[in-house]
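A.B. asks: please work out how this folds:
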Amino acid sequence: MKGNCWRDETLVLRDGVKLKSRIWEPPGIGPWPALLMRQPYGRAIASTVTYNHPSWWASHGYLVVIQDVRGQGDSDGTFTGFKQEASDTTQTHKWVRSLPACNGLLGTYGFSYQGFTQLIAEQNTPPPECMAPAMTGLNECDHWSCDGGAFWWHIGLSWGLQLAALKAKRNNDVEGWAEIRDSLEDGSYLREGPSILEKFDPEGMAKDWLTRSNESNRNWITHKPLKIWLKQPMLLIGGWWDPHLRGIIDLYKKSVEAGGKPEIHIGPASHLEWWGETQQLLLQFFNRHLQSSKYPIEEDHEPILWNQTNRRWQSSTNSTNPIKYWGLTSKGSACLDSNDGQLNPDCKGDGFLQIVHDPWRPVPAIGGHLAPKPGIAERKAIDSRPDVAIFTSPQLTEDIQIEGIPSLNLNVEADQDGFDLCVALSIINQNQTKVLQLSTGILRIRGPLARQRIRREVHLQAILADLKKGERLRISIAGSSWPAIGINPGNNKHPCGATNVHCNVVTMSLNLSDSNFHVLPLLA
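C.D. replies: Numbers count the residues shown, from 1 in each chain. Here you go, the predicted model:
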C-alpha cells in the first residue's frame with residue numbers, strides 16, 4: 001500500500017501485550033529508512049497538530065510507523081505513563097528495523113510525550129541512527145509539571161483530563177467522557193479538575209504530579225537516557241513559549257556532556273503552534289542522516305535562535321556575553337507609584353516593600369509559557385494593579401541584547417506559611433505607552449520557611465531579545481498568576497488550587513538590599 005494508503009500491523013511484546021501501529025510506505029520499490037513515532041493519543045492523529053501527515057513523510061522516501069503506546073489507542077495493556085516506555089521502546093525499535101520494507105535505518109520524531117518515548121530504552125539497546133525530540137524533557141518536576149515548585153495548573157489539569165477522556169472512551173464510558181469534556185469547555189476544570197481526575201483517572205500521571213507538588217517529600221523522578229543515545233545525531237526543537245523549554249535546553253547540555261553534537265533550534269512557538277519552516281528543518285535533518293548517500297552529513301551545528309523582538313533567526317552568542325547585574329530599589333511605594341520602583345544597572349539593590357496578595361482577586365496570568373494564551377503579551381493594565389510591584393530601569397543609553405535565563409534574587413519573608421513569587425520581565429517602549437511582557441517565572445514557598453527572611457531566586461523562561469536605545473526594562477512581582485498556577489493558600493493544611501475559603505491573605509515583605517536581576521547563560 002503506497003502514498004496516502006496505510007496498513008495496520010501488530011507487535012507482540014515479550015509479556016504478550018499487543019501494540020498496534022499504522023504504517024505508510026513510500027511510492028516505488030523499497031526498502032526504505034524508517035521514521036518512528038510512539039504516542040498515546042491515537043495513531044490516526046499522528047501528531048498532525050504540529051507535524052505534516054505521515055503520507056507527506058512517505059512521499060519523501062520514508063517508511064513511517066506511528067504506534068499506539070501500551071494501553072492507548074488500539075494497543076493492549078494498561079497505560080502507566082513514562083515508566084512503561086523503556087522496554088516497549090527497545091522492542092519496537094528491533095521490530096521496525098526487521099520489517100521487510102525497512103532497510104535497517106531508523107529515525108525517530110515527535111514532540112511532548114512522543115519526544116520522551118524517543119529518549120528512554122533498556123540497557124544495551126542499539127540507538128536509532130538519529131532522533132528529533134521536540135518540546136520534551138526528562139525531569140518529571142521541572143520539565144513536565146512545575147515551575148519553581150508550582151504545579152502548571154491550567155496546562156497540567158487540561159492535559160491530565162485529556163488522558164482521562166481517552167481512558168473513558170477506551171472503557172466506553174460515554175457519560176464520563178462528556179463530563180470531562182464539559183469541564184474543559186465551560187472552564188469548570190480550573191476549580192473541579194482535581195476531583196474529576198480523582199474520579200476518572202486516579203492513578204494517572206497528572207494526578208500523581210499534582211499530588212506530589214503539594215507534598216513536602218516529593219520524590220520526583222528524573223529519567224536517564226543511555227549515554228550512547230545522547231551521542232547520536234539529535235535535532236532538538238524548542239519554543240520560547242513552550243513549558244517544556246527547560247527540558248529541551250537540558251537535553252542539549254546532556255548531549256554535549258556525553259560527547260554528542262546536537263542541533264538545537266528555539267523558535268517563535270508555543271506547545272501547539274510552531275513556525276512554518278519546521279517541517280523542512282526536520283526533513284533536511286533526516287535526509288542528512290538517513291539518506292547520506294544523497295545528502296552530505298554536517299558535523300557541527302551552532303545553536304539557532306529566534307530573536308523575539310527583531311523577529312529574525314540568529315546564532316547564539318550567549319557564551320561570550322558577561323553577566324550584567326541590575327539592582328532593585330524602592331522606598332516602599334513600588335506597588336502604587338510607578339516612579340518609586342527602580343531597576344538600576346550596575347548598582348546594588350536597596351530599600352523595602354510590602355506586597356499584599358488577596359486570594360479573592362488574584363493577579364491574572366497573561367502570555368508567557370504557562371497562561372492559556374501563551375506568547376508575548378501587553379501587561380500595562382496588570383502592572384497598574386496595587387498588588388503588583390514594578391521596578392523600571394532608566395531609558396537605555398545604548399542598544400543591548402538579552403540572551404539567556406532571566407533570574408531574580410532578593411530577600412523575602414511572609415506573614416503566613418506560604419507565598420508565591422510571580423515575576424515578569426518586560427520592555428517598555430520609548431514613549432512608555434506599551435509594556436511588552438517577554439518572560440515569566442514562578443517560585444513557590446510553603447511551610448514555616450516562608451516566615452523567615454531568606455534569599456530567594458526565581459528563574460524565568462529563557463529569552464532572546466533586543467532592547468533599543470531609549471527603551472526601558474521592567475521587572476514586575478506579584479503573589480499570584482492565575483490560572484497558570486494554582487493559588488497558594490498561605491498554609492500547609494490545604495493544597496494549592498482554586499481560590500477557596502481556606503486561602504489566606506498573604507503579605508510579602510521584600511528586603512531589597514543586595515537584590516539583583518541578571519541573565520544566566522542559555523546553553524553554556
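A.B. asks: please enumerate the helices of the stretch 151-300 of the chain.
C.D. replies: Ranges of helices in the stretch 151-300 of the chain, per DSSP state H, counting those that start in this stretch, are 153-170, 174-186, 189-200, 205-213, 227-230, 245-257, 278-290.
A.B. asks: ok and the first one relative to helix 189-200, angle-wise?
C.D. replies: Compare the direction of helix 153-170 with that of helix 189-200 by axes from the mean of the first three to the mean of the last three C-alpha atoms, to 10 degrees and you get 40 degrees.
A.B. asks: can you mark which positions in helix 153-170 are buried?
C.D. replies: 153-168 (16 or more other C-beta atoms under 10 Å). In short, each C-beta sits where N, CA and C put it, glycine included.
A.B. asks: got a pLDDT number for Ser319?
C.D. replies: pLDDT, Ser319: 61.
A.B. asks: again with His301
C.D. replies: The model's pLDDT for His301 equals 83.
A.B. asks: residues in contact with it?
C.D. replies: 261-264 (C-beta atoms under 8 Å, 6 or more residues apart in numbering).
A.B. asks: ok so, going back, between the buried residues of helix 153-170, which is closest to Pro495?
C.D. replies: Trp153 (11.2 Å; C-beta to C-beta).
A.B. asks: on that earlier part again, weed out the non-buried ones from the contacts of His301.
C.D. replies: Applying 16+ other C-beta under 10 Å to the contacts of His301 flags 262-264 as buried.
A.B. asks: where do the domain boundaries of the chain fall?
C.D. replies: The chain breaks down into these domains under automatic domain parsing: 7-138+223-301, 154-213, 319-520.
A.B. asks: same list (the ones you listed) but as TSV, adding distance to Gln308.
C.D. replies: Putting the domains of the chain into TSV (distance: least, C-beta to C-beta, whole Å) gives the following:
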stretch	distance to Gln308
domain 7-138+223-301	6
domain 154-213	21
domain 319-520	5
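A.B. asks: closest to Cys146 out of these?
C.D. replies: domain 154-213 (5.6 Å).
A.B. asks: okay, Ser439 and Val388: tell me how far apart.
C.D. replies: 16 Å (C-beta to C-beta, to the nearest Å).
A.B. asks: neighbour count winner among these two?
C.D. replies: Shown here are Ser439 and Val388; by other C-beta atoms under 10 Å, Ser439 has more neighbours (24 against 21).
A.B. asks: backbone torsions only: list them for Asn431.
C.D. replies: The phi/psi pair for Asn431 (degrees, to the nearest 10) reads phi -100, psi 10.
A.B. asks: that one: how many residues sit nearby?
C.D. replies: Neighbour count for Asn431, taken as other C-beta under 10 Å: 7.
A.B. asks: how far away is it from Glu471?
C.D. replies: 10 Å.
A.B. asks: cool, Lys331 as well?
C.D. replies: According to C-beta to C-beta, Lys331 stands 24 Å off from Glu471.
A.B. asks: neighbour count: the two, which is higher?
C.D. replies: Set side by side, Lys331 and Glu471 show more neighbours around Glu471, with 19 against 14, by other C-beta under 10 Å.
A.B. asks: let me see the contact set for that one.
C.D. replies: Contact analysis of Glu471 by C-beta under 8 Å, 6+ apart lists 395-396, 427-430.
A.B. asks: grab the nearest non-local neighbour of Asp201.
C.D. replies: The shortest distance from Asp201 to any non-neighbouring residue, by C-beta to C-beta, 6 or more residues apart in numbering, is to Ala164 (3.8 Å).
A.B. asks: surely the one you found touches Pro202?
C.D. replies: No - in terms of C-beta atoms under 8 Å, Ala164 does not count as a neighbour of Pro202; the distance is 9.5 Å.
A.B. asks: residue ranges with poor pLDDT in the chain?
C.D. replies: Applying pLDDT under 70 to the chain picks out residues 1-4, 293-299, 318-322.
A.B. asks: if we go to 90?
C.D. replies: Within the chain, the ranges that satisfy pLDDT under 90 run 1-5, 30, 215-219, 292-302, 317-324, 514, 524.
A.B. asks: tell me the one of the contacts of His301 nearest Leu63?
C.D. replies: Once C-beta to C-beta is applied, the member of these that ends up nearest Leu63 is Glu263, at 23.2 Å.
A.B. asks: the closest one and Gly276, how far apart?
C.D. replies: With the distance defined as C-beta to C-beta, Glu263 ends up 19 Å from Gly276.
A.B. asks: Leu408 too?
C.D. replies: From Leu408 over to Gly276 (counting by C-beta to C-beta), the distance is 34 Å.
A.B. asks: okay, these two: which has more neighbours?
C.D. replies: Taking other C-beta under 10 Å, Leu408 and Gly276 do not tie; Leu408 has more neighbours (23 against 6).
A.B. asks: contacts only, for Thr397.
C.D. replies: Neighbours of Thr397 in contact, by C-beta under 8 Å, 6+ apart: Lys469.
A.B. asks: meant to ask about Thr78
C.D. replies: Counted by C-beta under 8 Å, 6+ apart, Thr78 has contacts 70-71.
A.B. asks: tell me which element it is part of?
C.D. replies: For Thr78, there is no helix or strand it lies in under DSSP states H and E.
A.B. asks: in the stretch 401-524 of the chain, which spans are strands?
C.D. replies: Ranges of strands in the stretch 401-524 of the chain, per DSSP state E, counting those that start in this stretch, are 418-428, 435-446, 454-459, 463-467, 472-478, 506-520.
A.B. asks: next, the angle strand 472-478 makes with the third one.
C.D. replies: Angle between the axes of strand 454-459 and strand 472-478 is 120 degrees (criterion: the same axes, to 10 degrees).
A.B. asks: surely Gly77 is in contact with Glu85?
C.D. replies: No - using C-beta under 8 Å, Gly77 is not in contact with Glu85, being 11.9 Å away.
A.B. asks: tell me which of those two has more neighbours.
C.D. replies: Glu85 (23 against 17).
A.B. asks: columns distance to Val256 and neighbour count on top of the contacts of Glu471, output as CSV?
C.D. replies: Output for those, formatted as CSV (distance: C-beta to C-beta, whole Å; neighbours: other C-beta atoms under 10 Å):
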residue, distance to Val256, neighbour count
Gln395, 39, 13
Leu396, 33, 17
Ile427, 31, 23
Ile428, 36, 22
Asn429, 37, 13
Gln430, 39, 13
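A.B. asks: now those as CSV including distance to Gly193?
C.D. replies: Output for the contacts of Glu471, formatted as CSV (distance: C-beta to C-beta, whole Å):
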residue, distance to Gly193
Gln395, 44
Leu396, 43
Ile427, 34
Ile428, 36
Asn429, 38
Gln430, 43
